[in-house]
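Colleague: Quick one, what's the 3D model for this:
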Amino acid sequence: MTSQLRPAFFMLLIFTVITGVIYPLAVTGIAQVLFPSQSNGSLIIVDGKAVGSELIGQQFDDPKYFWGRPSAVGYNSTASSGSNYGPMNPALLDSVQTRIDALKSADPDNTLPIPVDLVTASGSGLDPHISIAAALYQVHRVASARGLSEAEVTSLVEKYTEGRQFGFLGEPRVNVLKLNLALDALK
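Modeller: Next up, the predicted model:
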């Protein structure tokens, strides 16, 4: 029995060191060299301080900012998930109606149809992007709240519009945090 336990224990020790220490350190080192920003969380740094990540949505509810997609998890990145409500669930219908009411009360003069991504959460609940239609829907409110022309704000939306990933995946989109930081930089 000892003749079988000794090699088994030795192999366990070797593979623990290889897969638990050497491999993670090698992958981390390669990622730090080849993709330093991404491997450190794609943080956005302003004045030497991290203000957020390009990959995780943040809540904005002040009328002078663009609002992102609602979060099913309250923007808690440790609890990333969707709501799992079906289309006929009264809780989903209530939350969508609440978001519609909030958008209409923040900009009562806006007669455009409300884009669906402003009233429904993404699958992760932490999507940092909105559609171009969702950004353009909010231009009037943001411009009015900041005392800017709609043309200036629309120009910023166009500047911060990201194309399709790899040129063909997904839809063009706008990163809400980057756009709001650009607005704050206008001062």
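
Colleague: What residues sit buried inside stretch 34-47?
Modeller: Applying a neighbour-count criterion of 16 or more other CB atoms under 10 Å, the buried positions in stretch 34-47 are I44. C-betas here are computed from N, CA, C, even on glycine.

Colleague: What of stretch 88-95?
Modeller: Neighbour-count burial for stretch 88-95 [16+ other CB under 10 Å]: 92, 95.

Colleague: Report the mean confidence score over it.
Modeller: For stretch 88-95, the mean per-residue pLDDT is 83.

Colleague: burial count for V176?
Modeller: By the criterion of other CB atoms under 10 Å, V176 has 26 neighbours.

Colleague: what's the answer for S155, then?
Modeller: 13.

Colleague: Could you do V27 as well?
Modeller: If you count neighbours by other CB under 10 Å, V27 ends up with 11.

Colleague: any idea which element it lies in?
Modeller: Per DSSP states H and E, V27 falls inside helix 23-34.

Colleague: Who are the packing partners of that helix?
Modeller: If you count contacts as 3 or more CB pairs under 8 Å, 6 or more residues apart in numbering; DSSP states H and E, helix 23-34 packs onto helix 36-39.

Colleague: CA atoms only: put the helix it packs on into CSV for me.
Modeller: This file holds the C-alpha atoms of helix 36-39, laid out as CSV (Å, rounded to 0.1, in the frame of the first residue of the first chain):
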residue,chain,number,x,y,z
PRO,A,36,-1.8,45.4,-19.1
SER,A,37,-5.0,47.5,-19.1
GLN,A,38,-7.4,44.6,-19.6
SER,A,39,-5.7,42.4,-17.1
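
Colleague: hmm, back to that, contacts for the helix holding V27, please.
Modeller: 38-40 (CB atoms under 8 Å, 6 or more residues apart in numbering).

Colleague: 10 Å - rerun?
Modeller: 17, 38-40 (CB atoms under 10 Å, 6 or more residues apart in numbering).

Colleague: Then stretch 105-118?
Modeller: 61-63, 66-70, 96, 99-100, 102-104, 127, 129-142, 144-145, 171, 173.

Colleague: run the last query once more with 8 Å
Modeller: Counting by CB under 8 Å, 6+ apart, 63, 67, 69-70, 99-100, 103-104, 130-131, 133-134, 136-138, 140-141, 144 sit against stretch 105-118.

Colleague: and if you look at stretch 164-172?
Modeller: Outside stretch 164-172, the residues that reach it (CB under 8 Å, 6+ apart) are 131-132, 161-163.

Colleague: List just the nearest of the contacts of helix 23-34 to Y85.
Modeller: Q38 (32.1 Å; CB to CB).

Colleague: give the contact list for the spatially most central residue of the chain.
Modeller: For the chain, the residue nearest the mean C-alpha position is P128 (1.9 Å; CA atoms, centre = their mean). Neighbour list for P128: 53-58, 68, 175-177 [criterion: CB under 8 Å, 6+ apart].
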